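In: Need a 3D model of the sequence below.
(2 chains)
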Number of protein chains: 2
Amino acid sequence: MRKNTPLDGITVIDLTQIYQGPYATFLMAKAGANVIKIEPVNGEPSRIRAKVSGSASLPMAMLNTNKRGITLNLKTESGRNLFKEMVKRADIVVENFAPGVMDRLGVGWSVLHEINPRLIYGSGTGYGLSGPDRDNLAMDVTIQASSGMMSVTGMPDGPPMRAGASIVDFLSGVHLYAGIMTALYERSQTGEGRLVEVAMQDTAYPTLASNLGFTYRGSGALPPRVGNRHGGLALAPYNVYEAKDGHIAVVCVTEPHWNKMLAAMGREDLKDDPRFSTNKARVENLAHTDEVVQQWARSRTRDELIAASKQHGFPAAPVRNLIEVMNDPHMHARGMLEWFEDQDLGRVVLPGSPLMIHGADRVTTVSSPKLGQHNQEIYGEWLGLSDASIETLKQEGTI
Amino acid sequence: MRKNTPLDGITVIDLTQIYQGPYATFLMAKAGANVIKIEPVNGEPSRIRAKVSGSASLPMAMLNTNKRGITLNLKTESGRNLFKEMVKRADIVVENFAPGVMDRLGVGWSVLHEINPRLIYGSGTGYGLSGPDRDNLAMDVTIQASSGMMSVTGMPDGPPMRAGASIVDFLSGVHLYAGIMTALYERSQTGEGRLVEVAMQDTAYPTLASNLGFTYRGSGALPPRVGNRHGGLALAPYNVYEAKDGHIAVVCVTEPHWNKMLAAMGREDLKDDPRFSTNKARVENLAHTDEVVQQWARSRTRDELIAASKQHGFPAAPVRNLIEVMNDPHMHARGMLEWFEDQDLGRVVLPGSPLMIHGADRVTTVSSPKLGQHNQEIYGEWLGLSDASIETLKQEGTI
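Out: Below you'll find the predicted structure:
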């Protein structure tokens, strides 16, 4: 009997590390797949980073819930044989090693596809499996640089700036999940697996649509860094303003938004002022426009400003810090965030899947595994190895 | 006979606008789905923004290739009836209106599900379909604020900063695609469609894993803004450095990276210097470490620095501007970018899908449609309306 989760019955062999790959398999686990996380015998880099023996840092705890964890040394013959046994029984393999690593180990796509033609193989890399930059070393920060993202972030008189979140790791991680799901659907029609490839740099490109549009329109001119103003300097107000006790972001997309804002500010006297009467005029008088809003913002608390924006109906939001976000009543109410007792960290806030599939059963959260926690379950119960064989594999350093 | 593309045979009714939804359906079109883009009779906001009659801006041209375009007024009874006729014949409906809009029009999930139980319905919103903040107005910039992303971007002594790319729009757009693919696979097993919901704010949360980890570890302390340094101030070097003619991003993840960097800089004299001999020491001497790298960087061009990083083998990348990125030989070589003759804009660079499915046929790029370009094809040939009926619908303002 099928469980009422989208990926019930799907088995995932998960070789991924850090953020990109683990986020892809996190989404699978939360959709009901059976995800087996394989780590080197010393743990994956995220676990090592945590530097607390046997425990996991918050990112590790966040991204590996609902996965079972085993250890495996793919550099040994017996390790590779175990891996192939698992691949025979699996639907999906995911890895985010550098290009060529799996091939050099003798367990690349072509080998695994022969063992299991229904297998879907997902590869996440920095620059992709082809092209002259394929072998460049990549991390979130270097791709933020090479992709052009940094060039449009920061103040006009400052240096190019990194976004503080690991946006490229996660953007490419969800693309990797998306590509694998596409191939999984295709397999339901054809019976054949695919190699699915996602490069971090490729996934960053579309996000620059507005900025690239500026470059195009300017027939070769580059968009400037604009701080918190609109990327194309084409909308006003569009900025972050200082409140008495913090900051708010405000944007007027339509003229009604501006009129509502004037009402909220008690500045209906400006309604027919030619400096502000159209978006075009406000952009031409950008500094003035920002000053009008800034004056109002500075005289109120953040919460008062947001309450006014809701009452009058124009888009605004508080700039929230991470403690506020972790405790956000809205995300807790809708089940995106939950308080959870992690087996290593104790009580922490963990995210669910942003993919909300109505009518499907929610997968109850299970703690991120300890290193090798499920070796017995996977090698013994699933693969059917004897206790003695498992002991030998341990002794040899294979698991 | 099935075409060799993953989504061959899948029909998508696409009501989406701007970036979030159109990116989701762009990925579908590029995977071989039959995507029918429905716009209000005056065009969707992206088209209106372009403000050049009958033409499209670059974002419009980028995100709507391989879709056919029709006009439809959902505010009329006859418009809704046409819509329902299409839904009967479709696999997927996608929209990114504010919560409740489709229900108020009388064509929400529950109505459409009854008409076509196999239909998958994808909803993209700012805050989701449930929870106390559901009806807050949302744009990329306000979600960057409310999600906490801004709070960790920018200089320590500066204001919270927006990432210059529309990262939340696209991050949530690919999540929307991913959720729909998940439901499409599930339907292949169960025969039933689902309502799939993605909220921009939910998708931003996981990207803050490193920063949230800092908050957790500091038992309530907030991560500072760190400019281009490591979010947790736990890795060095990790920064953007000024070259003679631009900037580069550099990160040393392992000790071998640092030793290779010393070789590249000709500073093997520092190999045993206790200020730099471990990552911990380098973090303790952060300003000194950065100064060593900065001295080297300032004396060379960006290309010389990158060449040295490749030769010696540590992660680095140029901070590239958007003209460089558009012309990137690597992304062009691997088929992620192509020169294309858009029917409105002429010769432009367009992206393909970052979801590279090896062995599948590539979908040949077809220009983003003009407003209503395929009305005859869809209403006449697909739905079978007579020329006279189509003319009447035009006269009434229904299409």
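In: Show me where the stretch 251-399 of chain A has its helices.
Out: For the stretch 251-399 of chain A, the helices defined by DSSP state H, counting those that start in this stretch occupy A:255-265, A:279-284, A:286-298, A:302-312, A:322-326, A:329-333, A:375, A:387-396.
In: Apologies, that question was intended for the stretch 51-200 of chain A.
Out: A:58-63, A:77-88, A:101-105, A:109-115, A:140-146, A:167-190, A:200-204.
In: any weak-confidence spans in the stretch 201-350 of chain A?
Out: The model of the stretch 201-350 of chain A has pLDDT under 70 over residues A:217-220.
In: Mark out where each domain of chain A begins and ends.
Out: Residue ranges for the domains of chain A, per automatic domain parsing: A:11-205+A:327-396, A:238-319.
In: still on that earlier bit, could you dump the helices of the stretch 251-399 of chain A into JSON lines with mean neighbour count added?
Out: Glycine gets a C-beta too; all of them are placed from N, C-alpha and C. Shown next, in JSON lines, are these (neighbours: other C-beta atoms under 10 Å in any protein chain shown):
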{"stretch": "helix A:255-265", "mean neighbour count": "18"}
{"stretch": "helix A:279-284", "mean neighbour count": "16"}
{"stretch": "helix A:286-298", "mean neighbour count": "17"}
{"stretch": "helix A:302-312", "mean neighbour count": "18"}
{"stretch": "helix A:322-326", "mean neighbour count": "20"}
{"stretch": "helix A:329-333", "mean neighbour count": "17"}
{"stretch": "helix A:375", "mean neighbour count": "19"}
{"stretch": "helix A:387-396", "mean neighbour count": "13"}
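In: Turn those helices into a markdown table, including distance to B:G122.
Out: Shown next, in a markdown table, are these (distance: least, C-beta to C-beta, whole Å):
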| stretch | distance to B:G122 |
| --- | --- |
| helix A:255-265 | 27 |
| helix A:279-284 | 31 |
| helix A:286-298 | 35 |
| helix A:302-312 | 27 |
| helix A:322-326 | 25 |
| helix A:329-333 | 20 |
| helix A:375 | 40 |
| helix A:387-396 | 45 |
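In: Figure out which of the ones you listed is closest to B:Q395.
Out: With C-beta to C-beta, the closest approach to B:Q395 among those belongs to helix A:255-265: 29.7 Å.
In: If you count contacts, what does that closest one end up packed against?
Out: Where contact means 3 or more C-beta pairs under 8 Å, 6 or more residues apart in numbering or on different chains; DSSP states H and E, helix A:255-265 is packed against helix A:279-284, helix A:286-298, helix A:302-312.
In: a markdown table please, covering those and showing distance to B:A307.
Out: Compiled in a markdown table, the helices and strands packed on helix A:255-265 are given as follows (distance: least, C-beta to C-beta, whole Å):
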| stretch | distance to B:A307 |
| --- | --- |
| helix A:279-284 | 42 |
| helix A:286-298 | 41 |
| helix A:302-312 | 48 |
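In: So which of these is nearest chain B?
Out: helix A:302-312 (6.9 Å; C-beta to the nearest C-beta).
In: Say whether chain B is contacted by that closest one.
Out: Yes. Using C-beta under 8 Å from any C-beta of the partner chain, helix A:302-312 comes into contact with chain B via A:K310.
In: the inter-axis angle of that helix versus helix A:286-298?
Out: Counting by axes from the mean of the first three to the mean of the last three C-alpha atoms, to 10 degrees, helix A:302-312 lies at 110 degrees to helix A:286-298.
In: I'd like the distance from helix A:302-312 to the chain centre, please.
Out: 30 Å (C-alpha atoms, centre = their mean, to the nearest Å).
In: Got the confidence number for the residue nearest the centre of chain A?
Out: Residue closest to the average C-alpha location in chain A (C-alpha atoms, centre = their mean): A:F170, at 2.4 Å. For A:F170, the pLDDT comes out at 98.
In: How many residues are close by the closest residue to it other than its chain neighbours?
Out: Spatially, and ignoring its direct neighbours in sequence, A:F170 is nearest to B:T207 (4.2 Å; C-beta to C-beta, 6 or more residues apart in numbering or on different chains). Counted with other C-beta atoms under 10 Å in any protein chain shown, residues neighbouring B:T207 total 29.
In: I'd say B:T207 and B:G148 touch.
Out: No. Using C-beta atoms under 8 Å as the test, B:T207 is too far from B:G148 to be in contact (9.6 Å).
In: what number of residues lie near the residue nearest to A:L119 when sequence neighbours are not counted?
Out: Using C-beta to C-beta, 6+ apart and skipping residues adjacent in sequence, the residue nearest A:L119 is A:G193, 4.4 Å away. Look at A:G193: counted by other C-beta under 10 Å, it has 23 neighbours.
In: Settle this for me: A:G193 is touching A:P117, isn't it.
Out: Yes. With contact defined as C-beta under 8 Å, A:G193 reaches A:P117; the gap is 6.2 Å.
In: can you tell which of the helices and strands packed on helix A:255-265 is closest to B:L184?
Out: Among those, helix A:302-312 comes nearest to B:L184, with 36.5 Å by C-beta to C-beta.
In: and the direction of the closest one versus that of helix A:255-265, what angle?
Out: Going by the same axes, to 10 degrees, helix A:302-312 makes 130 degrees with helix A:255-265.
In: got a list of what A:F170 touches?
Out: By C-beta atoms under 8 Å, 6 or more residues apart in numbering or on different chains, A:F170 lies in contact with A:19-20, A:23, B:171, B:206-207, B:209.
In: swap the cut-off to 7 Å and go again
Out: Applying C-beta atoms under 7 Å, 6 or more residues apart in numbering or on different chains, we find A:F170 in contact with A:19, A:23, B:171, B:206-207.
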